[in-house]
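# Turn this into a model:
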Amino acid sequence: MWRRLERELAKAPVDLLVLPELAGVDSFWGSPVFSEVVWRQAVTTHAKISDELKRLTAKRALGTRAVEVDTRRWNETFLWKPESGLVRGRPKAWLPQQEGGWEATWFDRGPQNVLPVRDDELCFAELVCTEIMVSTNPAIGLLFVIPGIEELLRVNGTARLLRSQDLLQSMSVGGKAPKLAIVVTVTEAFLHCTKALKRSRLWQDDYRLDRAKLPSLGQMISDQTMPADLSVKDIEARIEVDAKKNLY
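Now for the predicted structure:
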């Protein structure tokens, strides 16, 4: 992974490099059984991650690494810069515990507060992977957009997640029921004016971008994950099959 990333960045240096979660190690958290040996190997590998980052043509790098602090095993964020080295961030707080991701088995939970990080002109906050899907704030905002229509409907309220089988079955499409339902209690609903869509010319055919001018989804996935055994064509074939078989 690192050598390919080094080659790609040599061609096109970047100001900010966002690494995959726990980059540079195998997905050991995919096993439901904790192994001290595997954990130590991951910690040892990530202790040397600064050496790998020094070879990359990037002004900054964000990522996470496996660390042990006072007997606590953490999936900890970091900010790395050539001039200052690695600066430790926050440990991941929300840890899934399910097939394919037994993170609560491998890691201890960090504090749930997420504070902004400032680095010169850059200000950001870090949510790691599945943390994006978790929130203790029930507020939700919905924006309804109909192709060709310039008026937008905005709905604000609070949301609940339900697994009622009767409710889920009533939402079936093509014989497939969703696994989870989001029920919204509406507190306000209103129409937006059309100015934003008029200015953007969103629905005008002569303003649409030729899709070929941007990389395909398969190309983007390949560039980000750098799979050793899959070509871009292989990834795009899988995407096409998934779209046909798992549309609902």
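
# Any figure for the gap between the nearest residue to Lys54 once chain neighbours are set aside and Leu197?
In this structure, Lys54 finds its nearest non-sequential neighbour in Pro82, 6.9 Å apart by CB to CB, 6 or more residues apart in numbering. Placement of C-beta: from N, CA and C, glycine included. Distance check for Pro82 against Leu197: by CB to CB, to the nearest Å, it reads 43 Å.

# Which one of those two is surrounded by more residues?
Leu197 (17 against 14; other CB atoms under 10 Å).

# State the pLDDT value of that one.
The model reports Leu197 with a pLDDT of 89.

# Need the nearest residue in space to it, chain neighbours excluded.
Distance criterion CB to CB, 6+ apart; nearest residue to Leu197, sequence neighbours excluded, is Glu150 at 4.4 Å.

# The one you found in helix, strand or coil?
When classified by DSSP: H, G, I helix; E, B strand; the rest coil, Glu150 comes out as coil.

# count of residues packed around Asp229?
When counting by other CB under 10 Å, one arrives at 5 neighbours for Asp229.

# Helix, strand, or coil at it?
coil.

# Adjacent strands (with direction) for the lowest-mean-pLDDT helix or strand in the chain?
Lowest by mean pLDDT, DSSP states H and E among the helices and strands of the chain is strand 122-124, with a mean of 79. Taking DSSP bridges as the criterion, strand 122-124 forms sheet pairs with strand 117-119 (antiparallel).

# The least confident helix or strand of the chain: which residues count as buried?
Buried residues in strand 122-124, counted by 16 or more other CB atoms under 10 Å: none are found.

# Centre of the chain to that strand, how far?
Chain-centre distance of strand 122-124: 17 Å, with CA atoms, centre = their mean, to the nearest Å.

# List of residues touching that strand?
Strand 122-124 is contacted from outside by Leu16, Arg60, Leu62, Pro116, Val117, using CB atoms under 8 Å, 6 or more residues apart in numbering.

# just stretch 96-113 next, same as before
Contact partners of stretch 96-113, identified using CB under 8 Å, 6+ apart, comprise 28-34, 39, 66, 72-76, 90-95, 130, 136.
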